[in-house]
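1. Got a predicted structure plus its sequence, pasted below:
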Amino acid sequence: MPDEARSALVFRTGDCSAQTDLAALYATKSIAKGEGSIGGAWATGMPALNDDLARDGSVAASQASASGLSQMVVLPVIGNARLDAVLAWYL
């Protein structure tokens, strides 16, 4: 979700089949508008597909890639003409 200043996306909630504590993992991490697939979905307001997380560059993609995942589907959630959240699924 966007932080209070709407200057970066910060992690709020998620689920991992490996029971990883995602809140702790991403507590101090953020993604800038336009950064990687997630930041790109924020910048454009359009969904994104990424089939090579190793080339994404964002902290979320780097962590997912290190965990053996290689693909991502990103869906921006828009409300009142602005971004409310970004949903990302990793495969």
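-> That came through, no problem.

2. Going by C-alpha atoms from here, please, whenever you check contacts or count neighbours.
-> Fine.

3. tell me the centre residue of this structure?
-> Closest to where the C-alpha atoms of the chain average out (CA atoms, centre = their mean) is I38, at 4.3 Å.

4. and it, that one's in a strand?
-> No - under the criterion used here (DSSP: H, G, I helix; E, B strand; the rest coil), I38 is helix, not part of a strand.

5. Would you mind measuring from it to I78?
-> Applying CA to CA, to the nearest Å, the value for I38 to I78 is 14 Å.

6. Pretty sure the residue nearest to the centre of the chain sits against V86.
-> Yes - under the criterion of CA atoms under 8 Å, I38 lies in contact with V86, with a separation of 7.0 Å.

7. Give the residues shared as contacts by the two.
-> Listed as contacting both I38 and V86 by CA atoms under 8 Å, 6 or more residues apart in numbering are V74.

8. The closest residue to A88 other than its chain neighbours: neighbouring residues, count only.
-> Nearest non-adjacent residue to A88, counting by CA to CA, 6 or more residues apart in numbering: V74, 4.4 Å away. Using other CA atoms under 10 Å, V74 is surrounded by 21 other residues.

9. Could you measure from V74 over to I38?
-> As defined by CA to CA, V74 lies at a distance of 6 Å from I38.

10. So for those two, which residues contact both of them?
-> In contact with both V74 and I38: A48, V86, A88, using CA under 8 Å, 6+ apart.

11. I'm done for today, thanks for sticking with me.
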